[in-house]
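**Q** I'd like to go over a predicted model; first the sequence, then the structure.
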Amino acid sequence: MVFDAHAFHHNRIMFHNRQIHYLGFKNPYGSFNMSEVKDFIAKMINRIDIIILNEQYDASLLIMMKRFGWKYSDIFYSKMRLVNTFQHPFSDKAAKKLLLKEYNLRDKIYYDEMNKTWWAQPELQEESFWDEVAYFTTLNKRVMSDECPDVLKNKHPIILPVTQYHGSLNLTFIMCRRILSEWGGLMDCVISYVFKRGDQC
């Protein structure tokens, strides 16, 4: 069997999940020491204030809201924004390559540790937490598809009544225009937090 070293090197770059590389891990494509990888990941976890999982996006937003003293209106979003993504979807064959250890072992270990840390958060142990996640998911969809479009069309605010999860929410024209924008209100909160903690980032 002939091994095509050039093609393999290209695949390592093409199908590598570069997250650990972006965080500063040296030599992301070459050989590595496993203890060095684990030490690096442990340091990263200690530096991160909060973890957001794409597959638990709404739950992650609620945790951020509770910890940072935000309101529901701060975490409404029209779509989850992903950066640095391919314009065309991968084939099934290409997607399977992304899961192979020779391409992404370090990032898989990183994800597993982040996932474990995320599920250990105290908010997830609260009895009503997942009920609130379901409520927020439904409310966010309603605000994005019905309430805010009506506010923008008629230029009149809509007040959402008090519930066990939040006080009354006043959906104004400016608020709806902001949360229906590309980044939404969440980015304003994140940027504000980063500037406050900039010396520790």
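**A** Perfect, I can see it now. Numbering: from 1, shown residues only.
**Q** by contact count, what packs against the helix or strand where residue 39 lies?
**A** Using DSSP states H and E, residue 39 falls within helix 34-47. Applying 3 or more CB pairs under 8 Å, 6 or more residues apart in numbering; DSSP states H and E, we find helix 34-47 packed against helix 19-22, helix 101-119. Any C-beta I mention is one placed from the backbone N, CA and C, and that applies to glycine too.
**Q** ok, then the element right after it?
**A** Assigned by DSSP H and E, the successor of helix 34-47 is helix 57-68.
**Q** Give me the below-cutoff pLDDT ranges for this protein.
**A** For the chain, the stretches flagged by pLDDT under 70 are 1-18, 27-31, 80-90, 95, 97-99, 101-103, 182-201.
**Q** wait, what's in contact with residue 58?
**A** By CB atoms under 8 Å, 6 or more residues apart in numbering, the contact list for residue 58 reads 133, 136, 137, 140.
**Q** Can you add neighbour count, distance to residue 159 and secondary structure and give the residues you listed back as JSON lines?
**A** Below are the contacts of residue 58 laid out as JSON lines (neighbours: other CB atoms under 10 Å; distance: CB to CB, whole Å; DSSP: H, G, I helix; E, B strand; the rest coil):
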{"residue": "133", "neighbour count": "19", "distance to residue 159": "23", "secondary structure": "helix"}
{"residue": "136", "neighbour count": "20", "distance to residue 159": "18", "secondary structure": "helix"}
{"residue": "137", "neighbour count": "15", "distance to residue 159": "21", "secondary structure": "helix"}
{"residue": "140", "neighbour count": "18", "distance to residue 159": "17", "secondary structure": "helix"}
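**Q** out of these, who's nearest residue 73?
**A** residue 140 (10.7 Å; CB to CB).
**Q** From residue 39, how far off is the closest one?
**A** Per CB to CB, to the nearest Å, residue 140 is found 39 Å from residue 39.
**Q** OK, contacts around residue 165?
**A** Each residue near residue 165 by CB under 8 Å, 6+ apart is listed here: 72, 132, 135, 136.
**Q** Those residues in helices, which ones?
**A** In this view, the contacts of residue 165 that belong to helices under DSSP state H are 72, 132, 135, 136.
**Q** Include distance to residue 43 when you put those residues into TSV, please.
**A** Formatted as TSV, the ones in helices among the contacts of residue 165 follow (distance: CB to CB, whole Å):
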residue	distance to residue 43
72	34
132	32
135	36
136	32
